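Prediction below, plus the sequence it came from.
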Amino acid sequence: MYLLLVVGVYIIFAKVFVDWKRWREFYPTVQFYIICNLLYNFLFYQHTLWRYKAVTLPWLNHTLIEITFSLFIVPIVLFIYLQYFPKGKKKYVYLGFWVTYFSVIELIFEKKGLFVYENGWNLWWSILFNLITFTIIRVHHKNPITAFIISFPIIVVLLLLFHPSLAEMK
C-alpha cells in the first residue's frame, strides 16, 4: 500500500511540476539512469547493498518495487530535477536539496522497515551515493560522454568496496 501512496504522490508531482513538452530534452538522461540502476540490480542480484521490503502485500517484492521505482518514479524525479536546475551558486543548494530529499525519504523508509541495508551499506554511503548520482545526472544532461567517463571509475570503486563474489553472481 505504501507503494501505491508513493506512486500517487508522484503522479501529482508529474501533473504539477513536469513540463511534458520538454520530455525529449531529458529522455536520454532518464534512460542513462534507468540503465545504470537496472545494471546494478542485475550485477548485485544475489548481493544487494540495499533492498526494498514490502510489509503490506506478500507478493510485492524488491524486484517489483524496483521496477516501479526505475520506470515510473525516477523519470518523474529526473524530469523535475533537470527542468528546474538553476544556474550559478544556487545549483549547490539545489543539489543539496535533492540529496537531502532522497536521503530523508530513504531514512523514513528504513525506519518503517521498507528499506533494508545489506553487505556493509548504510545511510552514509547512500548520502554520498545520492550526491554522486545527482551530480552525474546533471553532467549527463549537459555532456553524456563526460558522464560516462566520470561514472566508470566510480563503478570500479564501488565494485572494489562492495563487490559480490563470482559465486554470488548469476
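Looks like it came in fine.

Hmm, Arg138 is touching Phe85, no?
Yes. Using CB atoms under 8 Å, Arg138 is in contact with Phe85, at 6.3 Å. Every C-beta, even on glycine, is put in place using the N, C-alpha and C of the backbone.

Can you check which residues contact both of the two?
Lys91 (CB atoms under 8 Å, 6 or more residues apart in numbering).

For Phe134, grab the count of nearby residues.
22 (other CB atoms under 10 Å).

ok, now Lys142?
Lys142 has 11 nearby residues by other CB under 10 Å.

and it, what pLDDT?
You'll see Lys142 listed with a pLDDT of 97.

Then Ser165?
69.

And the one 5 residues further on, by the same measure?
We have a pLDDT of 60 for Lys170.

now swap in Glu118 and tell me
91.

show me what contacts it?
So Glu118 contacts Thr48, Leu49, Trp50, Arg51 (CB under 8 Å, 6+ apart).

Number of residues surrounding Ala14?
Ala14 has 17 nearby residues by other CB under 10 Å.

The closest residue to it other than its chain neighbours is in what secondary structure piece?
Leaving out its chain neighbours, the residue that sits closest to Ala14 by CB to CB, 6 or more residues apart in numbering is Ile76, at 4.7 Å. Element membership of Ile76, judged by DSSP states H and E, is helix 74-83.

Buried residues, that helix. List them.
For helix 74-83, a neighbour-count test (16 or more other CB atoms under 10 Å) marks Val74, Pro75, Ile76, Val77, Leu78, Phe79, Ile80, Tyr81, Leu82 as buried.
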